[in-house]
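Undergrad: Just the structure for this:
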Amino acid sequence: MAAYDPNNVFAKILRGELPSYKVYEDDKTFAFLDIMPRAPGHTLVIPKAPARNLLDVAPDDLAHVMQVVQKVAKAGMKAFAADGVTLQQFNEPAGGQVVFHLHMHVIPRKEGAPMKPPASEKEKPDALAKHAQLLIAALKAP
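TA: From the prediction side, this is the model:
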């Protein structure tokens with residue numbers, strides 16, 4: 001397995017070198033919208049600690065990422081009146097991984113609505129901003 005690359009796109013987002021539509025942040029994780037969502041509210045949850053993927057992440061960091069994934073999934077269900085949630089996570093090129101910083105896809109789903117193909121269509125900035133606000137509000141709600 002290759003070493004972690006500190007210049008991957010998600011590391012740059014964490015350092016503020018690239019913009020993102022942030023929906024949640026704490027001391028160990030960062031969650032932001034996928035700019036090519038497979039469904040409205042498609043969010044990525046990443047650890048702040050350098051981790052290439054599931055195979056090298058520290059167990060405590062992975063556990064915290066999963067706690068945040070659950071929070072984001074519940075918020076996505078509420079914010080998008082979803083009927084379910086799809087989680088995706090890929091490891092190494094043979095496993096479908098494209099960005100080599102551990103990330104979990106959290107995708108709110110509507111019954112009968114197919115997901116768009118991966119990385120197929122860039123969403124409009126105004127739609128992403130609206131979706132981020134909906135998720136932020138849902139995350140703050142009791």
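Undergrad: Could you list the low-confidence segments of the chain?
TA: By pLDDT under 70, the chain has no low-scoring segment.
Undergrad: Backbone dihedrals for residue 75, both of them.
TA: phi -70, psi -40 (degrees, to the nearest 10).
Undergrad: wait, isn't it in contact with residue 139?
TA: Yes - between residue 75 and residue 139 there is a contact at 4.5 Å, judged by CB atoms under 8 Å. Glycine gets a C-beta too; all of them are placed from N, C-alpha and C.
Undergrad: who's more crowded, the two?
TA: Between residue 75 and residue 139, counted using other CB atoms under 10 Å, residue 75 has the larger neighbour count: 25 against 18.
Undergrad: what about the spatially closest residue to the more buried one that is not a sequence neighbour, how many neighbours?
TA: Excluding its sequence neighbours, the residue lying closest to residue 75 (CB to CB, 6 or more residues apart in numbering) is residue 138, at 3.8 Å. For residue 138, the count of nearby residues is 19 (other CB under 10 Å).
Undergrad: gap between residue 138 and residue 98?
TA: Applying CB to CB, to the nearest Å, the value for residue 138 to residue 98 is 28 Å.
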